[in-house]
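S.K.: Task: produce atomic coordinates for the following.
(one chain, ligands or ions: 1)
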Amino acid sequence: MDKDDKIRHLLDMREQARAGGGKKKIESQHARGKFTARERIEILLDDGSFEEYDMFVTHRCSDFGLAGKIFPGDGVVTGHGTIDGRVVFVYSQDFTVLGGSLSETFAKKICKIMDQAMKVGAPIIGINDSGGARIQEGVLSLAGYAEIFQRNIMASGVIPQISAIFGPCAGGAVYSPALTDVIIMSDKTSYMFVTGPKVTKSVTGEVISTEELGGAAVHTSRSGVAHFRAEDEEEGLMIIRKLLEYLPQNNLEDPPVTESTDAPERADDILNTIIPARSNQAYDMKDVIYTLVDNKEFLEMHRHFARNIIVGFAKFSGIPVGIVANQPNYLAGVIDTDASRKAARFVRFCDSFNVPIVTLVDVPGFMPGSAQEYGGIIIQGAKLLFAYGEATVPKITVTLRKSYGGAHDVMGCKQLRGDLNYAWPSAEIAVMGAQAAVEILEGKNAGKITDAEEKTRYITEKEMEYNEKFANPYVAARFGLIDDVIEPRNTRFRIIRGLQTLATKKDLVPPKKHSNMPL
Ligand code: HXC
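M.R.: Modelled structure (predicted):
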């Protein structure tokens, strides 16, 4: 071969690799409303930034007819590129090649870029679309998965790991995404389950569709496995780009602070009247969030799961923060098992990557009942408590209205190393609400009153007395349990000044192998 031939040969080989599983398979992928592995990378990354690795890697298996089925690249596209100019590593499983099934070499390609991402200290993004372990390769494929899992575990809390699920993700294959920080699923075209509908039917007799068992709707609303349900793949990929705006490249860096066009001193009069007159009346906490943050931009995670608590990212004068907020509009903002684990996971995510936490409190307490107790509300609630107490990032808590009982302690209170704890004048910080308190304290006395009218009057009087005494922020303020009672309209400004002051905050956990948090 002369020099020109060699170059032509290289270009041909590249062309062959880029063709994946071939024209027909690509057409079939498109017909299902799915992009190919390479198209996804192109949409995700900055234009022209992708550098591909291992384009010429092929599998080494000759069993079950695989000798004749060699595809350069072996079903996964790997490499690095940039998102908004910042380096990211990416792998994208190619369903057009042997159903995106994972071989020994396929796994090695993924591991190579995971190792690179760790050395460089840059996020890794995995796009999943695969029939699982390559059946012909047997245990080598299982070993390949385990190699990836081990790297996911080592990378956890060091570099952000984001998983997109844009097709099948079944069996043990689900565990790599599950080990990462965020899972995004495309609606109707993706599914995740440990065992599919066929095995489910033969083992348990349950008849259930793929979508019902492991579709995006199920995992973003019922199981909480996935954080985002994207209408289509393009939206899913844009969510990844957006998410990275709030995260540092690795745990040794701070999240990127950007210029803000929204005035830090912007006061919002609407906040002075947003709390309804009656204490048990609902309002939408998202209205408060959108009013407070820069340019009304809030990237909500887990939007459809445990809606009684809200978590997500926003910026205050360009400073990225994680927001945790009770939602009075849904189950009165009560804390239940799902809300606890949702918020605990988010607090730890923020803390791993040095993202300050702003907590907005309006919580009537923990959800009572056998379902909650049997569901382990004790352990689930402890998770949230643990996460707040362990977190060393700046923590600012604003109590808008209710902050009752154990839920008060759990929602970023002062003694769990809250840095700045503010309350609005409408705050009610107490052991429990007036009705429950009077029932316990005055139940016997009330019981002695035979006249119904007089009894009601007595109870109402006692409730009013209790409310006056306890259902306000000033008892807590008197004891220094909150730092200040603030005018609601000034909340944005007070949070921003707090974040700026706390930017150099240092806090530690004692040296230990790791904590034994209640899991
Ligand atoms: C090898 C596979 C494959 C696999 C699909 N293919 N899955 N090849 N190993 N796991 C191949 C098919 O033979 C076919 O090849 C091509 O990919 C496309 O597959 P189709 O079946 O035609 O596509 P579709 O109808 O869309 O169905 C997709 C599918 C189905 C639902 C994913 O292929 C399927 O059920 N595959 C098996 C899934 C599975 O049981 N995997 C193992 C799970 S256990 P040709 O040559 O015809 O194009 C597991 C353990 C991991 O993953 C453990 C980790 C700890």
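S.K.: pLDDT of the longest helix along the chain, averaged?
M.R.: In the chain, ranked by residue count with DSSP state H as the criterion, the top helix is helix 452-470. Helix 452-470 carries an average pLDDT of 91.
S.K.: What of stretch 77-94?
M.R.: Taken as a whole, stretch 77-94 has a mean pLDDT of 98.
S.K.: picking that back up, list the buried residues of the longest helix of the chain.
M.R.: Judged by neighbour count (16 or more other CB atoms under 10 Å), helix 452-470 contains these buried residues: Tyr458, Ile459, Lys462, Glu463, Tyr466, Asn467, Phe470. C-betas here are computed from N, CA, C, even on glycine.
S.K.: and the helix or strand hosting Cys350, what does it pack onto?
M.R.: Following DSSP states H and E, one finds Cys350 within helix 337-352. Contact here means 3 or more CB pairs under 8 Å, 6 or more residues apart in numbering; DSSP states H and E; on that basis helix 337-352 packs against strand 309-316, strand 319-326, strand 357-363, helix 377-390.
S.K.: so which of these gets nearest the ligand?
M.R.: Nearest to the ligand among the helices and strands packed on helix 337-352 is helix 377-390 (26.0 Å), distances taken as CB to the nearest ligand atom.
S.K.: what packs against the closest one?
M.R.: Contacts defined by 3+ CB pairs under 8 Å, 6+ apart place helix 377-390 against helix 337-352, helix 405-410.
S.K.: and the very next helix or strand once past the shortest one, how far out from the chain's middle?
M.R.: Put plainly, it is helix 405-410. With elements assigned by DSSP H and E, the helix or strand that comes after helix 405-410 is strand 420-423. Relative to the chain's own centre, strand 420-423 is displaced by 25 Å; criterion: CA atoms, centre = their mean, to the nearest Å.
S.K.: so who does the residue nearest to Asn326 when sequence neighbours are not counted touch?
M.R.: Nearest residue to Asn326 in three dimensions, chain neighbours excluded: Gly333, at 3.5 Å (CB to CB, 6 or more residues apart in numbering). Contact analysis of Gly333 by CB atoms under 8 Å, 6 or more residues apart in numbering lists Met285, Asn308, Ile309, Asn326, Gln327, Asp362, Val363, Pro364, Lys402.
S.K.: let's see it at 10 Å
M.R.: By CB atoms under 10 Å, 6 or more residues apart in numbering, Gly333 lies in contact with 282, 285, 307-310, 325-327, 339, 361-365, 400-402, 407, 411.
S.K.: Please apply the same query to Ile184.
M.R.: Going by CB under 10 Å, 6+ apart, Ile184 touches 125, 127, 162-166, 177, 190, 216, 220, 226-230, 233, 235-240, 243, 301.
S.K.: Next: Gly236.
M.R.: So Gly236 contacts 40, 43-44, 127, 164-166, 184-187, 189-190, 216, 228-230 (CB under 10 Å, 6+ apart).
S.K.: For PyMOL, what selects the buried ones among those?
M.R.: Listed next is the PyMOL selection for buried residues among the contacts of Gly236, using 16+ other CB under 10 Å:
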select buried, resi 40+44+127+164+165+166+184+185+186+187+189+190+216+228+229+230
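S.K.: So which of the contacts of Gly236 belong to helices?
M.R.: If you go by DSSP H, the contacts of Gly236 have Arg40, Ile43, Leu44, Ala216 in helices.
S.K.: Isn't Ala434 up against Glu461?
M.R.: No: using CB atoms under 10 Å, Ala434 is not in contact with Glu461; the gap is 11.0 Å.
S.K.: any idea of the pLDDT on Cys61?
M.R.: Per-residue confidence (pLDDT) for Cys61: 87.
S.K.: Next, count neighbours for it.
M.R.: For Cys61, the count of nearby residues is 20 (other CB atoms under 10 Å).
S.K.: From Arg134, how far out is it?
M.R.: 8 Å (CB to CB, to the nearest Å).
S.K.: Repeat that for Glu297.
M.R.: 42 Å.
S.K.: Return the residues in contact with Pro425.
M.R.: Asn272, Ile275, Asn472, Pro473, Tyr474, Val485, Ile486, Glu487, Pro488.
S.K.: does it sit in a helix, a strand or a coil?
M.R.: What DSSP: H, G, I helix; E, B strand; the rest coil gives for Pro425 is coil.
S.K.: I'd like the distance from it to the ligand, if you could.
M.R.: Applying CB to the nearest ligand atom, to the nearest Å, the value for Pro425 to the ligand is 55 Å.
S.K.: Could I get the pLDDT score of that residue?
M.R.: If you check Pro425, the pLDDT there is 97.
S.K.: helices and strands around the following helix or strand past the longest helix of the chain, which ones?
M.R.: Downstream of helix 452-470, the next assigned helix or strand under DSSP H and E is helix 474-478. Secondary-structure packing of helix 474-478 (3 or more CB pairs under 10 Å, 6 or more residues apart in numbering; DSSP states H and E): strand 420-423, strand 428-430, strand 484-485.
S.K.: Including distance to the ligand and mean neighbour count, could those go into JSON lines?
M.R.: Listed next are these as JSON lines, based on distance: least, CB to the nearest ligand atom, whole Å; neighbours: other CB atoms under 10 Å:
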{"stretch": "strand 420-423", "distance to the ligand": "45", "mean neighbour count": "24"}
{"stretch": "strand 428-430", "distance to the ligand": "48", "mean neighbour count": "23"}
{"stretch": "strand 484-485", "distance to the ligand": "52", "mean neighbour count": "14"}
